[in-house]
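In: quick check, what structure comes out for this input:
(one chain, ligands or ions: 1)
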Amino acid sequence: MRRGILSAPWRAADVWERGDNVLQHIRAIEGLGHNTEDAVRISYDLQAGTYVANAARADCARALDTFAGAVARELDALGPCGSLLDVGVGEATSLVPLLRKWTPGPALIHGCDLSWSRLSVARSYCEEGGVAERVTLAMAPMSALPYADDSFDTVVTMHALEPNGGRERELIAELHRVASRWLVLFEPDYEGATESARARMREHGYCRGLADHARALGFDVRVSRPLVPAISETNPTAVTIIAKNALARSAAPVFVCPRLGAPLVRLQDCYYCPESLLAYPVLGGIACLGADHGILASRLSRTLEEAAMASAGGRRL
Ligand SMILES: C[S@@+](CC[C@H](N)C(=O)[O-])C[C@H]1O[C@@H](n2cnc3c(N)ncnc32)[C@H](O)[C@@H]1O
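Out: Numbers count the residues shown, from 1 in each chain. From the prediction side, this is the model:
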């Protein structure tokens, strides 16, 4: 059984409130050499709302706008994109300005993140930004994305691999699995950073060497260079573009059971997998699609059968 702060996330709230770095604190007391997904979830969930609050400041809004413009230019240069997955979407403070800059941009957009609280903030931010109709949000870890292989024309991360140093290969492989044409990483430029910026990145457990990891996996790395213009000196961004298949995806992406990989059916308050018999709750409008969110609910198969019979003109429900 797991012990310590990772199984009692509320104990990290004090650390956050006194202004200490939650990830560093968890690594130290758990004796970890890297940030686990549980630790990342705790750290980011406690920060929920801070990105949107910052985005309301004029200087931050300008920086986000410049970043979004640079990201839009890179993505636009790859040709038409029908579907996009933004992994580690956070509060959507990069996604919303990106969709403003990238026209026409993709019609179908999914965003997922480890933290429910940040997704809940993202939901409102997408509504205020007028893009909620195009964006579907889900809670899921990057290590087990709830989508079939080749689901999205383009999969993108924007400083989301960032805290996952030490797990780069595993995560790049999973991102690549669900991409159909392109995997584009906008992540910390460790290699191009100053020595003091590198020291900070090491201290925080940031990812490094993404292009080398992707090549070691046998992937087709087309671009690996600093993003221009640079937005931050302490946390500069590099763009890594990995090509996959030549063909665009035609079908709309659907959620699959993170345990079994079979398609999920939307019911009133959950996504249900008739094959695994697991129901994944929809909390505050956000589907919770981590493997550990599944609830055994075999009775829902009966509900589905009854609905099918009713729509075929059989027995009334
Ligand atoms: C630095 S924030 C960036 C958020 C957003 N992409 C943006 O540009 O504003 C990193 C985000 O990635 C998410 N994240 C980090 N590691 C993750 C993982 N392994 N699986 C899913 N989400 C992850 C965090 O929860 C957080 O919301």
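In: near the ligand, anything from the helix or strand harbouring Thr66?
Out: When secondary structure is defined by DSSP states H and E, Thr66 falls within helix 58-76. No. Judged by Cβ under 6 Å from any ligand atom, helix 58-76 and the ligand are separated, with a smallest distance of 7.9 Å. For the C-beta atoms, the positions are set from N, CA and C on the backbone; glycine is no exception.
In: counting contacts, what elements does that helix pack onto?
Out: Using 3 or more Cβ pairs under 8 Å, 6 or more residues apart in numbering; DSSP states H and E as the contact test, the elements touching helix 58-76 are helix 50-55, helix 95-101, strand 152-158, strand 179-188, strand 237-243.
In: swap in 6 Å and give it another go.
Out: Applying 3 or more Cβ pairs under 6 Å, 6 or more residues apart in numbering; DSSP states H and E, we find helix 58-76 packed against helix 50-55, helix 95-101.
In: just say which of these is most tucked in.
Out: Of all those, helix 95-101 has the most neighbours on average by mean count of other Cβ atoms under 10 Å, namely a mean of 22.
In: need the residues of the stretch 51-200 of the chain near the ligand, please.
Out: So the stretch 51-200 of the chain meets the ligand at 51, 88-90, 93-94, 113-115, 118, 141-142, 158-160, 162-164 (Cβ under 6 Å from any ligand atom).
In: so of the residues you listed, which ones are in helices?
Out: Judged by DSSP state H, helices contain the following of these: Tyr51, Arg118.
In: can you say which of the residues of the stretch 51-200 of the chain next to the ligand are buried?
Out: A residue is treated as buried here by neighbour count (16 or more other Cβ atoms under 10 Å); on that basis the buried members of those are 51, 88-90, 93-94, 113-115, 118, 141-142, 158-160, 162-164.
In: what number of residues lie near the residue lying closest to Ala216 once chain neighbours are set aside?
Out: Setting aside the residues directly before and after it, Ala216 is nearest to Arg169 in space (Cβ to Cβ, 6 or more residues apart in numbering), at 6.8 Å. Burial measure for Arg169: 15 neighbouring residues, criterion other Cβ atoms under 10 Å.
In: is Arg169 in contact with His213, as I believe?
Out: Yes. The pair Arg169 / His213 is scored as a contact, 4.9 Å apart, by Cβ atoms under 6 Å.
In: hmm, back to that, what comes up buried for the helix holding Thr66?
Out: Of the residues in helix 58-76, those with enough neighbours to count as buried (16+ other Cβ under 10 Å) are Leu64, Phe67, Ala68, Ala70, Val71, Ala72, Glu74, Leu75.
In: how close does the residue nearest to Ala216 get to Leu64?
Out: With distances taken as Cβ to Cβ, to the nearest Å, Arg169 is found 30 Å from Leu64.
In: could you pull out the helices in the stretch 151-300 of the chain for me?
Out: Secondary structure of the stretch 151-300 of the chain (DSSP state H, counting those that start in this stretch): helices at 168-178, 195-204, 210-216, 299-311.
In: show residues contacting stretch 299-317.
Out: Identification of contacts with stretch 299-317 by Cβ atoms under 6 Å, 6 or more residues apart in numbering yields Tyr272, Pro274, Ala279.
In: one step back: just the residues of the stretch 51-200 of the chain next to the ligand: which are in strands?
Out: Under the assignment DSSP state E, these contribute Asp113, Met158 to strands.
In: now render the helices and strands packed on helix 58-76 as JSON lines, adding mean pLDDT.
Out: What follows is the helices and strands packed on helix 58-76, written out as JSON lines (pLDDT from 0 to 100):
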{"stretch": "helix 50-55", "mean pLDDT": "97"}
{"stretch": "helix 95-101", "mean pLDDT": "98"}
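In: can you redo those as TSV with distance to Glu187?
Out: What follows is the helices and strands packed on helix 58-76, written out as TSV (distance: least, Cβ to Cβ, whole Å):
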stretch	distance to Glu187
helix 50-55	17
helix 95-101	15
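In: so which residue of the stretch 201-317 of the chain comes closest to the ligand?
Out: Taking Cβ to the nearest ligand atom as the measure, the point where the stretch 201-317 of the chain comes nearest the ligand is Asn235, at 9.0 Å.
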